[in-house]
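S.K.: Sharing a sequence plus its predicted fold:
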Amino acid sequence: MKAFPSVARLRIPGIGAAPLASAARSTSAGDSGGSYPTLHGFIIKHSLWQQVFLLTLVVVSLPFYYYSLDLPKTIINTITKWAPHPFSIGITTFHLDHLTYLWTLCGLYFALVLVNGGFKYWINRYKGQLGERMLRRLRYELYKRLLRFPIGYFKKVSAGEIIPMITSEVEPLGGFIGDIFAQPAVQGGTLLTTIGFMFMQDWVLGLASLSLYPIQGYVIPKMQRKVNLLGKARVRTIRRVADRVSETSFGVTDIHTQDNARYQLAGFSHLLGIIYYIRFEIYQRKFFVKFLNNTLNQVTPFFFYAIGGYLVIRGNLSAGALVAVIAAYKDMSAPWKELLDYYQQFQDTKIKYDQVVEQFEPAGMLEERLMLEEPASIPRFEGEMTLTGVSLIEDERVRVIDGISAKIPLDRSVAILGASGSGKQELALLLARLILPSAGRISVAGNDLATLATAVIGRRAAYAGAAPYLFTQSLGENLVSSLKFRPLPEPQGDPAHQRRWLAQLQEARLSGNIELDAEADWIDYEAAGVKDQAGLRDRLVEVLRKVELDQDVYLLGLRGQLDPAARPEAAAPLLEARKAVQARLAKDKLIHLVEPFDVTRYNTNASLAENLLFGTPVGPAFAMEELATNTYVQRVLDKAGLTDDLVRRGLKVAETMVEIFADGAPARSSLHSSASSAPISCRSSKRSLRA
């Protein structure tokens with residue numbers, strides 16, 4: 001074990017003090033994450049003018065819809081009762097006969113159908129685009145807040161709770177955000193236009209169409225309030241289920257060790273039962289609302305037939321007007337149903353939004369300004385680090401660190417000593433500004449650590465914990481992640497990438513996302529002390545050698561696979577090296593010791609499957625474990641006349657295995673099962689190659 005060069009052992013009083021009954025909330029910089037707006041506030045703040053444009057489109061479309069309701073009345077009256085209709089354009093007067101006039105009206109009606117359809121298409125298209133942009137903005141804001149969470153918050157909230165919130169729970173908001181103002185305007189405007197048309201035909205029929213709406217307007221909101229409470233309970237319970245699944249995945253070893261499976265299943269079943277009763281109650285109330293709505297909708301036509309028929313017989317209403325009113329009422333039921341669905345969807349979406357947002361407002365969040373600010377210069381940490389009355393309180397009651405005051409020289413190696421759970425790890429997190437003190441101040445060269453931008457902390461300080469995390473990317477990318485501060489200027493000469501990036505930049509700006517190119521080169525070569533990629537590779541090798549990981553990484557690379565399409569500069573030299581090795585072996589007369597890959601020969605050092613494919617699969621289509629059941633492989637073997645020969649050889653191998661291991665008593669059960677499965681597989685299908 002290597003000793004620390006010039007080590008000052010620092011024993012600091014105040015580490016690991018006793019728990020307190022209560023403690024004040026943190027008042028350090030970045031304590032509050034800021035209140036997040038309500039659903040309406042979020043939408044108005046980020047899409048006000050887009051919503052105004054949508055409402056303008058809706059208002060412009062309503063006169064066309066009104067005339068599409070009125071025109072069928074004119075067409076029917078023209079068919080049943082004809083009178084010449086001269087009309088003038090400028091100084092020219094036209095006289096149309098009966099048939100020509102009818103066709104003209106039908107042509108106008110068809111044109112109105114196209115116009116109304118066009119309005120619906122563009123309104124829905126714009127709503128969809130607006131909703132997706134706002135959903136992208138919301139997910140981005142939630143993820144940005146996730147990066148600002150205090151480190152201790154992740155001990156209380158599991159990934160199983162956070163992941164669904166950013167992914168599935170906010171998914172319905174995308175479609176609804178585009179509808180929040182446009183949907184009631186479209187459906188409400190359509191409904192009011194239809195009602196106005198009915199009153200224009202006859203005020204009695206207009207009143208009949210509205211007679212049952214007050215009942216629905218009174219009953220449905222009362223039912224919906226109860227559904228809202230059930231919806232909140234459902235969301236909370238589903239999060240408990242996600243947390244339970246996450247705990248099980250991490251603690252499955254302990255569950256099996258302690259014979260705890262039945263208890264865990266009982267607990268999980270209990271949660272599923274709660275969800276079942278909540279959802280069943282929601283269904284009952286929703287379906288009652290639909291039953292009431294459908295029943296009342298079927299009663300209203302009775303008034304039309306009775307009252308309208310009476311008015312037509314008495315000559316107070318034309319048959320065309322009655323037919324138009326009945327047709328308009330059929331159109332009237334759709335927007336009313338859409339408004340009811342909108343009301344229910346709005347309440348459900350509001351619950352989802354509020355439930356998600358309240359989880360993303362923990363106390364002690366890092367200020368956004370500190371996380372994203374790029375200072376004009378990055379000062380060096382020199383002199384000493386000063387701790388003045390630093391305390392750390394967790395869960396508002398446990399004082400982990402109590403009133404530490406110390407001066408730590410930055411030009412020496414310092415060891416902080418303490419028993420397990422004494423607070424030494426938390427103190428290291430405080431010194432790296434990964435957590436903020438509940439009280440007191442930590443300063444470096446006169447600068448308060450809590451007020452320094454993350455750009456300064458991240459480039460002038462490092463923290464290496466006991467369990468480092470490797471991201472799902474290559475080892476090389478993990479090694480240089482501490483050099484990715486900002487994207488380098490894009491070199492000129494790639495117009496296709498420039499056009500693609502400008503389009504992505506525009507969408508990112510409209511969605512409120514960060515306007516940086518993720519595909520650019522982010523590596524700060526100057527910070528690594530090199531000039532380019534070649535120098536960086538040499539530097540990485542040097543670093544790996546210093547920490548004694550060079551051989552491990554080398555062996556890891558030899559066991560890995562290389563994509564020649566993605567890394568042609570690495571694949572080509574390897575192929576050349578293969579040829580050079582073969583030439584050297586042939587020259588030294590050692591070629592018989594190595595069996596090279598030759599497409600015309602069977603390689604005895606490779607499996608049968610690898611010989612058939614002349615390689616290893618890069619996808620699931622030719623997975624080795626499923627190769628025997630692959631119909632294409634079976635057809636090829638049949639065509640080559642190899643199926644029967646392979647089955648005979650497989651049977652022979654299975655018989656030999658059974659004979660060899662038949663008397664192996666200590667491992668009899670396992671060997672018997674593995675050996676006996678081979679001949680069964682061979683007998684079940686002559687095409688099976690599993691033996």
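M.R.: Ah, there it is.
S.K.: Which helix in this structure has the most residues?
M.R.: In the chain, taking DSSP state H as the definition, the longest helix is helix 98-148.
S.K.: So the spatially most central residue of the chain: helix, strand or coil?
M.R.: By CA atoms, centre = their mean, the chain has its centre lying nearest to residue 167, at 3.6 Å. Secondary structure, DSSP: H, G, I helix; E, B strand; the rest coil: residue 167 is helix.
S.K.: Kindly report the same for residue 473.
M.R.: Three-state call for residue 473 (three-state DSSP): coil.
S.K.: Give me the pLDDT value at it.
M.R.: In this model, residue 473 is scored at 81, pLDDT.
S.K.: what residue ranges in the stretch 301-450 of the chain score low on pLDDT?
M.R.: The model of the stretch 301-450 of the chain has pLDDT under 70 over residues 301-333.
S.K.: which residues in it form helices?
M.R.: All helices of the stretch 301-450 of the chain, identified by DSSP state H, counting those that start in this stretch, fall at 309-313, 319-359, 368-372, 424-431.
S.K.: How is this structure partitioned into domains?
M.R.: In terms of domains, the chain is parsed into 7-29+366-468, 39-359, 608-684 (source: automatic domain parsing).
S.K.: would a markdown table of those with distance to residue 511 be doable?
M.R.: C-betas here are computed from N, CA, C, even on glycine. Converted to a markdown table, these look like this (distance: least, CB to CB, whole Å):
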| stretch | distance to residue 511 |
| --- | --- |
| domain 7-29+366-468 | 17 |
| domain 39-359 | 4 |
| domain 608-684 | 33 |
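S.K.: Which strands and helices lie in contact with the longest helix of the chain?
M.R.: Where contact means 3 or more CB pairs under 8 Å, 6 or more residues apart in numbering; DSSP states H and E, helix 98-148 is packed against helix 39-80, helix 171-179, helix 182-201, helix 368-372.
S.K.: Would you mind listing the buried residues in stretch 365-385?
M.R.: 365, 366, 367, 370, 371, 378, 381, 385 (16 or more other CB atoms under 10 Å).
S.K.: Nearest to residue 295 among those?
M.R.: residue 365 (51.4 Å; CB to CB).
S.K.: Any idea which of the domains of the chain has the lowest pLDDT on average?
M.R.: Here the domains of the chain differ in mean pLDDT, and the lowest is domain 608-684 at a mean of 72.
S.K.: roughly how far is it from the heart of the chain?
M.R.: For domain 608-684, the separation from the chain centroid amounts to 42 Å (computed by CA atoms, centre = their mean, to the nearest Å).
S.K.: next one: stretch 419-426
M.R.: 37 Å.
S.K.: next one: stretch 268-276
M.R.: With CA atoms, centre = their mean as the basis, stretch 268-276 stands 26 Å off its chain's centre.
S.K.: what about residue 429, distance to residue 178?
M.R.: 43 Å (CB to CB, to the nearest Å).
S.K.: Between the two, which has more neighbouring residues?
M.R.: residue 178 (28 against 16; other CB atoms under 10 Å).
S.K.: pretty sure the more buried one contacts residue 134?
M.R.: Yes - if you go by CB atoms under 8 Å, residue 178 and residue 134 touch, sitting 7.5 Å apart.
S.K.: Name the nearest residue to residue 153, ignoring sequence neighbours.
M.R.: residue 362 (4.9 Å; CB to CB, 6 or more residues apart in numbering).
S.K.: Now that the one you found has come up, it's in contact with residue 151, right?
M.R.: No - the pair residue 362 / residue 151 is not scored as a contact, 11.1 Å apart, by CB under 8 Å.
S.K.: out of these two, which sits in the more crowded spot?
M.R.: Using other CB under 10 Å, the more surrounded residue of residue 362 and residue 151 is residue 362, with 17 against 13.
S.K.: on that earlier part again, skip ahead from the longest helix of the chain and say which helix or strand is next.
M.R.: helix 153-156 (DSSP states H and E).
S.K.: tell me which element residue 557 falls in.
M.R.: Applying DSSP H and E as the criterion places residue 557 in helix 550-559.
S.K.: Who are the packing partners of that helix?
M.R.: The contact analysis (3+ CB pairs under 8 Å, 6+ apart) places helix 550-559 against helix 533-546.
S.K.: Show me what the helix it packs on packs onto, helices and strands only.
M.R.: Contacts defined by 3+ CB pairs under 8 Å, 6+ apart place helix 533-546 against helix 475-479, helix 550-559.
S.K.: Apply 7 Å and report the result again.
M.R.: helix 550-559 (3 or more CB pairs under 7 Å, 6 or more residues apart in numbering; DSSP states H and E).
S.K.: residues making contact with stretch 507-516?
M.R.: 46, 133, 136, 137, 140, 487, 505 (CB atoms under 7 Å, 6 or more residues apart in numbering).
S.K.: who touches the last one in this structure?
M.R.: By CB under 7 Å, 6+ apart, residue 505 lies in contact with residue 515.
S.K.: Distance check, it against residue 484.
M.R.: Here residue 505 is placed at a distance of 19 Å from residue 484 (CB to CB).
S.K.: again with the third one
M.R.: Applying CB to CB, one obtains 23 Å for the distance of residue 136 from residue 484.
S.K.: More neighbours: which of the two?
M.R.: More crowded of residue 136 and residue 484, by other CB under 10 Å: residue 136, with 17 against 13.
S.K.: Next, count neighbours for the closest residue to the more buried one other than its chain neighbours.
M.R.: Nearest residue to residue 136 in three dimensions, chain neighbours excluded: residue 511, at 4.3 Å (CB to CB, 6+ apart). Neighbour count of residue 511, defined by other CB under 10 Å: 17.
S.K.: now the one 10 residues further on
M.R.: Number of residues near residue 521 (other CB under 10 Å) recorded here: 14.
S.K.: Assign it to helix, strand or coil.
M.R.: Note that with three-state DSSP, the state of residue 521 is coil.
S.K.: Does the nearest residue to it once chain neighbours are set aside belong to a helix, a strand or coil?
M.R.: Leaving aside its chain neighbours, residue 521 sits nearest to residue 488 (4.8 Å; criterion: CB to CB, 6+ apart). Assigned with three-state DSSP, residue 488 falls in the coil class.
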